[in-house]
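Here is a sequence with its predicted model. Questions after.
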Amino acid sequence: MKTRPRVAVVPKPGSALRRPRYRAPMIPSPAEVVGLRYRAAGAARAWCVAPLVTAAIALIAWLAEGIADNDLLNFRYYLTQLVIAGAFIVVGVMQFFLAGRIARWCYPMPRRTVCPECGFSIERLRSDRCPECGLRLGDGLAEEAAQEVPA
């Protein structure tokens, strides 16, 4: 049984297979960014449990061994174990409180400086129309694009 070679489909002008116009879907809306930030901060806060559990295990081992040997307050002997537990506690607490900042750093609010119709850069544009496609830009988008970008 012979198989037929695959033939590339060439779209005709005006057909449904033509390339869609640029719609800037890669720029998330502010609501989507807030959702991403919320999930990222939640995941970072969930992962802060791991160092805290590790520190708790080290402290429980110190307590169990110290009580069994009747030298619980011999800090010179248990110094490395206590320092490691303290470091894990510091890491876990810092991760918990910095999770929001890390999420904001990972997912910044997008700057809307491209035309939503054609994708032309409208940064520092003074008019309310896109010079490429002629789309009338909203007042908020035109004002935001006219602002100078910080160096």
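Happy to help now that I have it.

what's the burial count for Ala31?
Neighbours of Ala31 under the rule other Cβ atoms under 10 Å: 8. For the C-beta atoms, the positions are set from N, CA and C on the backbone; glycine is no exception.

what ranges do the helices span in the chain?
30-47, 49-69, 75-106, 139-146 (DSSP state H).

so what's the nearest residue to Pro108 once chain neighbours are set aside up against?
Using Cβ to Cβ, 6 or more residues apart in numbering and skipping the chain neighbours, the partner closest in space to Pro108 is Val33 (7.7 Å). For Val33, the contacting residues are Tyr107, Pro108, Met109, Pro110, by Cβ atoms under 8 Å, 6 or more residues apart in numbering.

For stretch 41-61, C-alpha coordinates in CSV please.
Output in CSV follows, covering the C-alpha atoms of stretch 41-61 (Å, rounded to 0.1, in the frame of the first residue of the first chain):
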residue,chain,number,x,y,z
ALA,A,41,3.8,34.3,46.2
GLY,A,42,1.6,31.4,47.4
ALA,A,43,4.0,28.8,46.0
ALA,A,44,7.0,30.6,47.6
ARG,A,45,5.3,30.7,50.9
ALA,A,46,4.4,27.0,50.6
TRP,A,47,8.1,26.2,49.9
CYS,A,48,9.2,28.1,53.1
VAL,A,49,7.8,25.2,55.0
ALA,A,50,10.7,23.0,53.9
PRO,A,51,13.5,24.9,55.7
LEU,A,52,11.3,25.3,58.8
VAL,A,53,10.6,21.6,59.0
THR,A,54,14.4,20.9,58.5
ALA,A,55,15.1,23.3,61.4
ALA,A,56,12.5,21.7,63.5
ILE,A,57,14.0,18.2,62.9
ALA,A,58,17.4,19.5,63.9
LEU,A,59,16.0,21.1,67.1
ILE,A,60,14.1,17.9,68.0
ALA,A,61,17.2,15.9,67.5
